[in-house]
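Undergrad: Let's see this in three dimensions:
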Amino acid sequence: MKIQLIRNATLRVRFNGRLFLVDPFLAAKETIRSFAGISQNPIVELPMSPEAVIDGAEMVLVSHLHPDHFDEAAINLLPKTIPILCQPGDEATIREKGFVDVTAVSTQHTWQGITFTRTPGRHGYDELAVRMGHVSGFIWEAPGEPKVYWMGDTVWYEPVAEIVAQTQPHVIVTHSSGAKFGDSLPIVMDAGQTTAVCQAAPNAVVIAVHLESLDHGTVTRASLRVAATAQGISNHQLRIPADGEIVEIRS
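TA: Residues are numbered from 1 along each chain as shown. All right, here's what the predicted structure looks like:
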């Protein structure tokens, strides 16, 4: 299995002989609104052309419809016949954009020999989490491949911790920017929560993404590494890829 971080939460995943995209966000630098009043977003360019990001992709997995996870640039560039898996409630909006092969995954769906199991998430705390709306993560697995738990835009809370304990994934992908709106609590995992994931799953490889891409992020790759090292978490267990970097994990 190979996971290539493109930028933010966008991934190119080679798994079970297939290639799929996760949360394609293809906007050019500083072409969408600010989230924190600091800068237009995204704050960095893609590490390759948008065309190269989608080249060869056979399917798209969309966690939710916030503009940093499925944007107009991706909508305009992706072929309208490409299969899309999404959470229930998002399928009509995606179809309205012209996509004809859209599947809402209530619990589980198998595509090309890969089983995708949808998982819950909480995009922040209290009233802000309600305003941020429904989000999902997904576990994907296939014979001969490591089991991957992509948590999506969620904080570390009891249902997510229970999934880690019950499913024992080999690989966990966290969204670790500690994004905040002003004085709010984080709406995704911060450094402390990411290290808590590592400690809860000491035998898993944790891949931290959704970093240094948007103006409301509060965690950098360097600060996350410092926090992890202080907790005795190794560079082997916690991977913090640069944009464009490929992480390969064998089962």
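Undergrad: and stretch 228-243, how far out from the chain's middle?
TA: With C-alpha atoms, centre = their mean, to the nearest Å as the basis, the distance from the averaged C-alpha position of stretch 228-243 to the chain average is 17 Å.
Undergrad: Also stretch 49-60?
TA: Distance, stretch centre to chain centre, for stretch 49-60: 16 Å (C-alpha atoms, centre = their mean).
Undergrad: Kindly report the same for stretch 96-111.
TA: Taking C-alpha atoms, centre = their mean, one finds the center of stretch 96-111 at 18 Å from the center of the full chain.
Undergrad: Please identify the buried residues of that stretch?
TA: When neighbours are counted by 16 or more other C-beta atoms under 10 Å, the buried residues of stretch 96-111 are found to be 97, 99, 102, 104-105, 111. C-beta here means a position set from N, CA and C on the backbone, and glycine is covered the same way.
Undergrad: Tell me which helix or strand comes right after whatever helix or strand residue 130 lives in.
TA: Element membership of residue 130 [criterion: DSSP states H and E] is helix 126-132. Per DSSP H and E, the first helix or strand lying C-terminal to helix 126-132 is strand 136-141.
Undergrad: Partner strands of whatever helix or strand comes next after that next one and their direction?
TA: Taking DSSP H and E as the definition, the helix or strand that follows strand 136-141 towards the C-terminus is strand 148-150. According to DSSP bridges, strand 148-150 has the following sheet partners: strand 136-141 (antiparallel), strand 171-175 (parallel).
Undergrad: Of the ones you listed, give the one that comes closest to residue 3.
TA: When the strands paired with strand 148-150 are compared for distance to residue 3 using C-beta to C-beta, the nearest one is strand 171-175, at 7.2 Å.
Undergrad: Send over that closest one as CSV, restricted to the C-alpha atoms.
TA: Output of strand 171-175 as CSV, limited to C-alpha atoms (Å, rounded to 0.1, in the frame of the first residue of the first chain):
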residue,chain,number,x,y,z
VAL,A,171,-2.4,2.2,9.7
ILE,A,172,-4.2,5.3,11.0
VAL,A,173,-4.4,8.6,9.1
THR,A,174,-5.1,11.6,11.3
HIS,A,175,-6.0,15.2,10.4
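Undergrad: Check which element follows that strand along the chain.
TA: The C-terminal neighbour of strand 171-175 among helices and strands, as given by DSSP H and E, is helix 191-200.
Undergrad: Please name every helix or strand in contact with whichever helix or strand comes after that following helix.
TA: Once helix 191-200 ends, the next helix or strand along the chain (criterion: DSSP H and E) is strand 205-209. Other helices and strands packing on strand 205-209, by 3 or more C-beta pairs under 8 Å, 6 or more residues apart in numbering; DSSP states H and E, are strand 2-7, strand 171-175, helix 191-200, strand 238-239.
Undergrad: Give me whichever of those is most buried.
TA: Taking mean count of other C-beta atoms under 10 Å as the contact definition, the stretch among the helices and strands packed on strand 205-209 with the greatest mean neighbour count is strand 171-175, which reaches a mean of 26.
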